[in-house]
Every structure is written in C-alpha cells, then in structure tokens.
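**Student:** Generate coordinates for the sequence data below:
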Amino acid sequence: DGKGKRRNPLHDFKKTGELMLIKVNKTLEVKTKLLNTTEQCAKRCSRNKGLSFTCKAFAYDRVTKRCHWLSFNSLTNGVRKKQDHAFDLYEKKDYVRNCIIGKGADYKGTISVTKSGIQCQAWNSMIPHEH
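**Tutor:** All right, here's what the predicted structure looks like:
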C-alpha cells in the first residue's frame with residue numbers, strides 16, 4: 001500500500017561525497033539558492049523548477065546550506081572535478097549511467113557503440129536494421 005508515501009527525489013541521483021564541479025566552459029549555467037535539504041534541491045532539479053536550463057546535477061554545500069543547480073555533469077566537456085569537503089555532488093542517473101533500463105526510451109547516457117564496437121543505430125531509424 002503506497003498511499004501517503006512519497007518517493008524520495010534523491011533516488012534519481014548518484015551521490016559523490018566531497019566533490020564539486022567547476023565549469024571551464026563559460027556558457028555552462030549554474031543557479032544557486034539557500035535550501036535546507038538535499039531532497040529540496042533534488043526535487044527542484046528534477047522538475048527544472050525556476051531554472052532556465054535542464055538540470056543535470058546539483059552540488060549541495062553542507063556548510064552554507066546552499067544548493068547549486070548545474071546545466072552539466074561530470075561527463076560534460078569543459079568541466080573539471082574539484083575535491084571540496086563542504087560539497088556533495090548529486091548527478092542525475094539518467095545522464096551518467098552507461099546502461100539502458102527497459103526499452104531505453106529515456107536513455108541520455110554517452111554510450112553510442114555496441115559491446116563489439118559497432119556504431120549504434122538511431123532509435124527512430126530502420127537502417128541498417130529493422131527493429
């Protein structure tokens with residue numbers, strides 16, 4: 001019976017403790033705000049609420065209780081990782097996982113070749129193979 005139970009928004013994120021992402025590419029976007037919990041940060045990131053970009057990750061500053069929503073993740077070009085004891089990094093699993101769940105309709109990862117090295121076929125294409 002799932003009545004009254006809310007799904008934890010952090011379930012959709014991969015956590016890496018004591019890590020912050022620094023943007024080298026200046027076109028990448030960040031928005032920050034004071035929020036009390038990582039769950040609140042995750043909820044806003046998942047819904048893209050109040051953000052002018054698609055949120056792919058957020059970093060939570062445990063000291064200042066500030067959430068940093070990011071238009072990028074650790075796999076994005078123009079980003080470097082920085083050890084920082086004040087931060088925990090949360091990346092949307094859809095953007096960092098290298099596997100397909102179910103039929104793969106929501107896959108946003110970076111793998112585009114098969115295990116044997118053959119280039120993947122676009123989902124909407126019947127060439128070179130039929131589905």
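
**Student:** Does anything pack onto the host helix or strand of Ala42? Which helices or strands?
**Tutor:** Following DSSP states H and E, the helix or strand that holds Ala42 is helix 38-47. Of the remaining helices and strands, those touching helix 38-47 by 3 or more C-beta pairs under 8 Å, 6 or more residues apart in numbering; DSSP states H and E are strand 57-61, strand 66-70, strand 79-92. Where C-beta positions appear, they are placed from N, C-alpha and C, glycine not excepted.

**Student:** just those: most buried one?
**Tutor:** Most buried of the helices and strands packed on helix 38-47 by mean neighbour count (mean count of other C-beta atoms under 10 Å) is strand 57-61; its value is a mean of 23.

**Student:** Show me the beta-bridge partners of Gly17.
**Tutor:** Gly17 forms beta bridges with Asp88, as assigned by DSSP bridges.

**Student:** Nearest the geometric middle of this protein, what residue?
**Tutor:** Nearest to the mean C-alpha position of the chain, by C-alpha atoms, centre = their mean, lies Lys92 at 2.5 Å.
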